[in-house]
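Engineer: Here's my sequence, what's the structure:
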Amino acid sequence: MTDARATGRTTPATYVAPTTQAAQAASAAQADMTTGAPSATDHDVIVIGAGFAGIYAIHKFRDRMGLDVLGFDAASDVGGTWYWNRYPGARVDIESVHYSYSFDPELQQEWHWTEKFAAQPEILRYLNHCADRYDVRRSIRFGTRVVAVTWDEQADRWQVTTDAGEVHTARWFVSGAGTLSVPKTPDFPGIETYTGQILLTGDWREDVDLAGKRVGVIGVGSSGIQAISEISKVADALYVFQRTPNYATPIGNHPTDPAEEAAEKARYAELRDASRNHFLGVPYADVQPSALAVSAQQRREVFDDRWDRGGFRFFIDSFGDILFDTAANDTAADYIRDRIRERVTDPATAELLCPTDYPYGTKRPPLETDYYEAYNRPSTHLVDVKSNPIGTIVPHGVRLADGTEYDVDVLILATGFDACTGPLLAMNITGRNGVRLADEWADGPQTYLGLTMAGFPNLYAVTGPQSPSVLYNMPLAIEDHLDFIGDAIDHMRAHDHTVMEPTTQAQDQWVYETNALCDMTLLPTSASSWYMGANIPGKPRRVLVYLGGAPRYRAICHNVQRNNYRGFAFAASSRALGAATASSGTASGATAPSASSSGTSSPATSSPATSSPALDPSLMFIVEALRAQGFTGFPAAGVAGARAAVEGFVDLQAPRKEVGAVIDRAYGTDPEQQLRIFVPEGEGPFPVVVYVHGGGFVTGSIEVVDEPARDLASRAGVIVVAATYRCAPEHRFPAAHEDAYAALRWTAENIAGYGGAPTRLGIGGDSAGGLLAAAAAIRAQQEGPQLSALLLVNPLVSPVADTPSRQDYAEGYVIELADLQWFGAQYLNGPEEVTDPRLALDAADLTGLPPTLILTSEYDTLRDEAEQFAEQLITAGVETSVQRFDGMTHDAFLLSGAVPRCVEQRVAAADFLRRALVEDAGEPAFAVA
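Structural biologist: Presented below is the predicted three-dimensional model:
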């Protein structure tokens, strides 16, 4: 076997990894160029790959957009993964009717799938049909491997070098190389000595007759399972070398039913829409909330139904908490193990086939047809190489660690792929300033939307790492990405932009989002999942797929486009990109530029480059979700609608933490004058902080701040007293102010009875609650009680503040300027009250206030006034610190279940309260900013 594309050679040479081949060829190409290599040819777009991505890319860019397009593929014809993967049993695991293009209604109607889940030959016929229909072959160089991709900063073009030494240039470079196109390099000692036939499932192009032969298969992932099911029927002896068993469930394949096909074609547009709005990109709609919320009998009925219906229904359409809750996952895993034991006649073999050391779904769940029945054949032998590992490959077969040998005529390596990152790194990509992609990704992929990379202008990775990719119906995912790229190119041409690149801030936020979503699942617990890069020795263990699901991902991409390509920088040349792609805000949780600044952002240079705000992806999704629900702002919702919307924040919060005690009390006679006391675990007396909720004086409740109050109590080790108050418009100014102060007084006078230390007392609040907390603290300076801390989270400072942030972020950032004005109108009795120092904090006497922390958000209408208020506090001699959080908006502090980076704000608040209230009072809480 002389390269990665095994074709059944019987005398293998040393295996050479594709990346090594590429490096060798790149060096040779560079040498050829110095001695007169072919001159460069220039194009608008260069496309890599001739599978689903390459075919649609060429059709879209060339035929629909009128661009000059050149494609490359190492294969001799179209097909992509379906060209290379022709092993016995190769079959798609998404229903054929959905695993197909949607961009051409006529194509959808004319093509007939013969099976519910098409086999490799039929999918390859489909792609050949599409290639003929759109005449794409004339734009593709087949049998050509790209060995180097280098950004030319003088010409602002990509230089693409092939293994033939040719150089081609293009303005845009689009990789459709796929997620599973670089096979894992065989790492078995002695493999070069083997004299039989070696085949790789991922590089299998020819029919090989295995009848009557002794066959060894190493690997029981998806391809191994499919191959084993078929090979076991014909081999004289089949030895399956299994290290880690898999949770395989039935695919449920059958010939296409004509009536069902006609019904699907009649409503194809509806099916496509439903698919794009489903987590996996298929129109399933029967998922139940929790496996733990139903009886054992009901759970069994759901599992039985999904098992019988086949496909990914068991994984993605049974219970919504299987991938998130260990106990829920155990119910699915136990069910699958029971079904395995039912199907395999030998109990010992059945137990070896039952996975026990990782959760179900943390590896891509294989789908099977008669896989477990293969082990009931006397010719099939399961070899446990976990307890007795493979020691070496010998000329005639496989030798285990204990010396046991298995003679095989054919050795099949179903050992998987260098997934997601491998195809890109194999092309030796070098971006701006000579930065190599391999170096940038030394600790794992860094992308924006799983599609673009900072430092690599005009480069797009279709279904790249950190996109939904393999967890989204691939043809639809490909179309989504290519449509995004096409629209971006149109945007660039319309605005005379030469280059486009994500900002580092946007990229950092996307990486955080991707990792945070992964951490919410059970995926990190899987020891060897290629989802985490764990199947490749030395590869960084990072999640390679976006786990937010197709609808969330599509909503974020839509928000990016709808807001002038939010998070991207554009320029007339790549040399101008440097300043624009640098983080436009302060680092996460960092102190604002200076306490004397207004908090506004300004470009570092007079560069012609432009960039759009890099809003946190989670908040982009919330904005889009509100739009999809028809929410057009609090004024339009009215008082009742506004209150309902804010109460809905509870659904966007993390599960409530357990604390030592939770006690409800009243501090006045009105039903709205309520307190909830959260006592942490441990022994008191505890420091105390009164927390006043926001909501524009109109909305909000103790329920909305219950979760953040528990979180602060637990993190800081303090009692949190959450207070609600009489709300407007039923109770106008100064009702809420009077109540906030009354709640503070009640706490100071009574908290000792609940384990609190009234001598270590602070107050805090968010938004309008921040204003109420600050006003109560100002009053406390004159009337008591004495305070030790003031915490203000995105506080309102003045109803009539006129700042750049109020204008810059007036729309599209959760809380809009019109909302602020409406809330103020509900609370005020008349315009004359706007100058009252209880409402206009910037007009109040601030001397003597306790140490203060103000948390602001980069894209909050209230940001500037809060940071200006910090300046006033410092001028008044108050120990004050400001922390601005990049990419964040108003109310993110409350949304712990929807905005992963909310935890940064929570940690900052808890650290401040702990320093100010818990630690040695002789030490300052922090230095004056």
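Engineer: Just give me the longest helix of the protein.
Structural biologist: helix 474-494 (DSSP state H).
Engineer: Which other helices and strands does that one contact?
Structural biologist: Other helices and strands packing on helix 474-494, by 3 or more C-beta pairs under 8 Å, 6 or more residues apart in numbering; DSSP states H and E, are helix 52-58, strand 167-175, helix 268-276, helix 550-562. From N, CA and C alone the C-beta is placed, and that goes for glycine too.
Engineer: Tell me which helix or strand comes right after the first one.
Structural biologist: Going down the chain from helix 52-58, the next helix or strand is strand 69-73, by DSSP states H and E.
Engineer: partners of the lengthiest strand in the chain in the sheet?
Structural biologist: Longest strand of the chain, by residue count under DSSP state E: strand 756-766. Sheet neighbours of strand 756-766, with direction, are listed as strand 686-692 (parallel), strand 789-793 (parallel) (DSSP bridges).
Engineer: moving C-terminal of that strand, what's the next helix or strand?
Structural biologist: By DSSP H and E, the next helix or strand past strand 756-766 is helix 768-783.
Engineer: chain center to that following helix, what's the gap?
Structural biologist: How far helix 768-783 lies from its chain's middle: 41 Å, per C-alpha atoms, centre = their mean, to the nearest Å.
Engineer: cool, stretch 479-493 as well?
Structural biologist: The answer for stretch 479-493 is 21 Å, by C-alpha atoms, centre = their mean.
Engineer: Quick check: buried residues in it?
Structural biologist: Within stretch 479-493, the residues scored as buried using 16 or more other C-beta atoms under 10 Å are 479, 480, 481, 482, 484, 485, 486, 488, 489, 491, 492.
Engineer: tell me what the host helix or strand of residue 737 is packed against?
Structural biologist: Following DSSP H and E, one finds residue 737 within helix 735-750. On a contact count with 3+ C-beta pairs under 8 Å, 6+ apart, helix 735-750 meets strand 674-679, strand 686-692, strand 719-723, strand 756-766, helix 768-783.
Engineer: Can you tell me the strand partners of the first one and which way each runs?
Structural biologist: With DSSP bridges as the criterion, the sheet partners recorded for strand 674-679 are strand 661-666 (antiparallel), strand 719-723 (antiparallel).
Engineer: picking that back up, quick check: which of the helices and strands packed on helix 735-750 is nearest to residue 501?
Structural biologist: strand 756-766 (35.3 Å; C-beta to C-beta).
Engineer: got the contact list for the residue nearest to residue 350 when sequence neighbours are not counted?
Structural biologist: Using C-beta to C-beta, 6 or more residues apart in numbering and skipping the chain neighbours, the partner closest in space to residue 350 is residue 344 (3.8 Å). By C-beta atoms under 8 Å, 6 or more residues apart in numbering, the contact set of residue 344 is 350, 353, 372, 373, 375, 376.
Engineer: Quick check: pLDDT value at residue 344.
Structural biologist: pLDDT for residue 344: 98.
Engineer: what's the answer for the one 5 residues further on, then?
Structural biologist: Reading off the confidence values, residue 349 has pLDDT 98.
Engineer: Figure out the helix or strand that it lives in.
Structural biologist: Going by DSSP H and E, residue 349 is part of helix 347-352.
Engineer: That helix: which residues count as buried?
Structural biologist: Buried, per 16+ other C-beta under 10 Å, within helix 347-352: 349, 350, 352.
Engineer: What of stretch 72-87?
Structural biologist: So, applying 16+ other C-beta under 10 Å, buried residues of stretch 72-87: 72-75, 78-87.
Engineer: end to end, how far does that stretch reach?
Structural biologist: Length of stretch 72-87, first residue to last, C-alpha to C-alpha, to the nearest Å: 24 Å.
Engineer: what mean pLDDT does it have?
Structural biologist: 95.
Engineer: still on that earlier bit, so which of the strands paired with strand 674-679 is the most surrounded?
Structural biologist: Mean neighbours per residue, mean count of other C-beta atoms under 10 Å, is largest over the strands paired with strand 674-679 for strand 719-723, with a mean of 30.
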